[in-house]
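*Asks:* could you work out the structure for the sequence below:
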Amino acid sequence: MSQDSASGDMASQGDALTTKSKVDDDQANFMKEAALGSMMEIEAGKLAAVKAADARVKEFALKMVSDHTKASADLKPIAAELGVILPSVLSGDHADDLKMLGAKSGAGFDQSYMSMMVKDHAKTVELFKRYTSARNPKVADFASKYLPVIEAHYTDAQNIK
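*Replies:* Below you'll find the model as predicted:
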């Protein structure tokens with residue numbers, strides 16, 4: 001299997017999302033974003049399960065951990081089969097947001113967490129909608145499978161907020 005020059009250049013820079021990927025960079029970026037989003041939801045959910053004051057927020061947080069753990073587990077073998085290297089740690093804005101959230105407590109934590117969940121899920125719904133018709137059927141199937149789950153999270157987050 002050959003690499004195109006663009007992905008070869010990326011690999012030489014150490015920023016490669018793919019190594020001999022079977023999908024284009026756009027689809028690989030979607031999988032990377034989905035993985036990062038799930039990691040963020042899992043870590044923020046774990047934090048909320050401990051720090052939230054409102055029982056509905058705690059319940060929502062536990063659902064985030066469960067659903068996004070399942071989505072991550074489903075995405076990993078797809079990415080591996082398609083030659084996409086997924087991120088393994090949060091960094092940048094995700095790490096900063098998690099740190100900011102961890103510094104809060106009580107009702108202030110609940111408000112910040114739920115605002116973050118509404119904002120993040122609104123973006124994620126739009127992201128997944130775009131990839132339900134991805135060229136690679138495995139990518140499209142993953143996006144289609146989890147779009148209703150993410151839409152439900154968005155609705156629940158709005159109702160709790």
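
*Asks:* report how many residues lie close to Gly106.
*Replies:* Under the neighbour criterion other CB atoms under 10 Å, Gly106 is assigned a count of 11. C-beta here means a position set from N, CA and C on the backbone, and glycine is covered the same way.

*Asks:* is the residue nearest to it when sequence neighbours are not counted in a helix, a strand, or coil?
*Replies:* Nearest non-adjacent residue to Gly106, counting by CB to CB, 6 or more residues apart in numbering: Ala53, 4.9 Å away. Secondary structure for Ala53, judged by DSSP: H, G, I helix; E, B strand; the rest coil, is coil.

*Asks:* check the one 5 residues further on too.
*Replies:* Put simply, Lys58 is helix when judged by three-state DSSP.

*Asks:* how much space between the residue nearest to Gly106 and Gly45?
*Replies:* Per CB to CB, to the nearest Å, Ala53 is found 15 Å from Gly45.

*Asks:* over to Met100?
*Replies:* From Met100 to Gly45 the distance is 16 Å (CB to CB).

*Asks:* neighbour count: these two, which is higher?
*Replies:* Neighbours per residue (other CB under 10 Å) separate Met100 from Gly45, with Gly45 holding more: 23 against 11.

*Asks:* which helix or strand contains that one?
*Replies:* Per DSSP states H and E: Gly45 is located in helix 25-51.

*Asks:* can you pull the buried residues of that helix?
*Replies:* Using 16 or more other CB atoms under 10 Å as the test for burial, helix 25-51 gives 25, 27-28, 30-45, 47-49, 51.
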